[in-house]
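Chemist: got a predicted model here, sequence first, then my questions.
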Amino acid sequence: MKMFALFCRKEKDRAKAKEKKKKDPSALKEREVPKYPSCLFFQYNTQLGPPYHILVDTNFINFSIKAKLDIVQSMMDCLYAKCIPYITDCVMAEIEKLGMKYRVALRIAKDPRFERLPCTHQGTYADDCLVQRVTQHKCYILATVDRDLKRRVRKIPGVPIMYISNHRYNIERMPDDYGAPRF
């Protein structure tokens with residue numbers, strides 16, 4: 001008897017679900033469309049422009065040291081314009097955690113040519129911090145060598161990525177109108 005009551009209850013639930021699905025076909029359909037900032041109205045991000053604001057990741061500094069590249073000068077050589085590198089508190093904390101082996105990277109990060117950006121969130125995971133900042137403010141170029149971070153940032157429209165290849169800086173997803181070098 002209990003099985004029969006359970007079976008009848010399931011049939012009633014299915015009937016209610018079918019009634020809910022049958023709606024007026026002439027009614028307007030609502031769908032969720034992601035909102036994009038007005039700076040992405042054209043084919044490229046209009047907030048980008050000289051002087052370029054470049055968010056630097058920890059591994060970008062380390063790989064620049066290995067490739068013996070001066071960070072600010074190489075950025076200017078890549079973009080043909082003035083560049084202002086920015087370092088968040090999370091990236092600075094990450095470099096400090098690496099210890100004495102990366103003291104050169106720490107000294108470069110404390111260079112007065114680098115601007116410091118304070119972080120208000122909890123924790124010191126730099127990748128989440130950089131993705132959040134780039135999502136909020138589309139005026140930054142992200143400089144990183146990390147594959148996972150690049151993959152996450154590629155999903156965000158209008159954010160160029162600077163990386164190192166062949167002992168020089170290259171830029172990805174930068175509009176031609178801004179004079180990005182073609183390879």
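Modeler: Yep, that arrived. Residues are numbered from 1 along each chain as shown.

Chemist: where does this structure have low pLDDT?
Modeler: The chain contains residues with pLDDT under 70 at 1-30, 33-44, 175-183.

Chemist: quick check: Lys155 vs Lys82, distance?
Modeler: 29 Å (C-beta to C-beta, to the nearest Å). Backbone N, C-alpha and C define where each C-beta goes, glycine included.

Chemist: likewise for Val91?
Modeler: Taking C-beta to C-beta, one finds Val91 at 21 Å from Lys82.

Chemist: more crowded one of the two?
Modeler: More crowded of Val91 and Lys82, by other C-beta atoms under 10 Å: Val91, with 26 against 11.

Chemist: check contacts around Tyr169.
Modeler: Tyr169 is in contact with Leu69, Ser74, Met75, Asp77, Cys78, Ala143, Met162, Tyr163, counting by C-beta atoms under 8 Å, 6 or more residues apart in numbering.

Chemist: helix, strand or coil for it?
Modeler: strand (DSSP: H, G, I helix; E, B strand; the rest coil).

Chemist: same check on Pro157?
Modeler: Criterion first, three-state DSSP; result for Pro157: coil.

Chemist: and for Glu94?
Modeler: On the basis of three-state DSSP, Glu94 is classed as helix.

Chemist: kindly report the same for Pro85.
Modeler: Pro85 is classified as strand under three-state DSSP.

Chemist: what's across from it in the sheet?
Modeler: With DSSP bridges as the criterion, Pro85 is bridged to Ile54.

Chemist: pretty sure it contacts Met75?
Modeler: Yes - under the criterion of C-beta atoms under 8 Å, Pro85 makes contact with Met75 at 6.7 Å.
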